[in-house]
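Engineer: predicted model and sequence below, questions to follow.
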Amino acid sequence: MIPRVIHYCWFGGKPLPELAVRCIASWREHMPGCEIKQWDEDNFDVYSVPYTAEAYRLGQYAYVSDYARLWILSHHGGIYLDTDVELLRPLDDMLEQGPFMGQEQPEHRDDAVLHCAMGLGMACEPGHPFIVRMLKHYQHTHFVSLTGRQGDTIVDITRRLMADEPVEPVADGIVRCAGFTIYPWQWLCPVNYFTGQVTITPLTHAIHHYAASWVGDLPNQSILQRIQRRLRAAWIRARK
């Protein structure tokens, strides 16, 4: 059984921004029976593996949470949400179907690859085999290589490991893969990352705002990439 607890990560010590406070309030409103637990430097060892230690020293706290969420769900189970995920309705109907993940909108409509993104919202019981598999992958991975290049993102790693798993269609774009029910973007990700367009449907349970409010700039990102990311985040916030 999936524990009735919502986990979120907040590393770096800064106060929660207004959007995060609003999003967490929506969790309390729509999931009143769930414990809400913050994970930070006080209850998670950011130096437990090289990946998180390297990311933390560079101030890349969102990447620390990429590993932390896997460790948390592997050991404790429950629901994980990023702090810029706003619930619009309860997740109970999704939880009734067992472990779940959501997909982002692809850049191209004909892209049939699973675009799972754990930060959109996910849930599982402790010791879920796929989460354990991902956790082991991270334990032998560095955040930055000897050449200074940043490694793959969690989205890249999830996609690559899921490619080894059979995909079973369920209905209406819902599939099962790697022990998860995986929902199409309409359920948890109505914001198109590439265009900023917001499409709310009767299926929409949550909005991932793509705020990235606690993410620093990586040394090897181009200035254009940094500006584009910030403009997307500001534009999406302005739409609310």
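Structural biologist: Perfect, thanks for sending it.
Engineer: who touches the residue nearest the centre of the chain in this structure?
Structural biologist: Closest residue to the average C-alpha location of the chain: Gly119 at 1.0 Å, with C-alpha atoms, centre = their mean. By C-beta atoms under 8 Å, 6 or more residues apart in numbering, the contact set of Gly119 is Ser65, Arg69, Tyr80, Leu81, Asp82, Val85, His208. The C-beta positions use only the backbone N, C-alpha and C, and glycine is treated the same way.
Engineer: restricted to helices, list those.
Structural biologist: Counting by DSSP state H, those place Ser65, Arg69 in helices.
Engineer: closest to Glu168 among the contacts of Gly119?
Structural biologist: Nearest to Glu168 among the contacts of Gly119, counting by C-beta to C-beta, is Tyr80 at 23.3 Å.
Engineer: is it true that that closest one touches Pro3?
Structural biologist: No - the criterion here is C-beta atoms under 8 Å, and Tyr80 misses it with Pro3 at 11.4 Å.
Engineer: which one's more surrounded, those two?
Structural biologist: Tyr80 (27 against 17; other C-beta atoms under 10 Å).
Engineer: do you know the pLDDT at the more buried one?
Structural biologist: Model confidence at Tyr80, given as pLDDT, is 98.
Engineer: what's the closest non-adjacent residue to Gly98?
Structural biologist: Take Gly98 and drop its neighbours on the chain: the residue closest to it by C-beta to C-beta, 6 or more residues apart in numbering is Thr181, 6.2 Å away.
Engineer: which residues does that neighbour contact?
Structural biologist: Met94, Gln97, Gly98, Pro99, Phe100, Met101, Val170, Ile174, Val175.
Engineer: helix/strand/coil for it?
Structural biologist: Following DSSP: H, G, I helix; E, B strand; the rest coil, Thr181 is assigned to strand.
Engineer: against Asn43, how distant is it?
Structural biologist: For Thr181, the distance to Asn43 equals 29 Å [C-beta to C-beta, to the nearest Å].
Engineer: how about Ala211?
Structural biologist: As defined by C-beta to C-beta, Ala211 lies at a distance of 23 Å from Asn43.
Engineer: now do the strands in this protein.
Structural biologist: Taking DSSP state E, the strands of the chain run over residues 5-9, 35-39, 78-80, 85-87, 100-102, 122-124, 167-171, 174-177, 180-183, 206-208.
Engineer: looking at these, spot the one closest to Tyr51.
Structural biologist: strand 5-9 (14.3 Å).
Engineer: elements contacting that closest one?
Structural biologist: Under the contact criterion of 3 or more C-beta pairs under 8 Å, 6 or more residues apart in numbering; DSSP states H and E, strand 5-9 touches strand 35-39, helix 61-76, strand 78-80.
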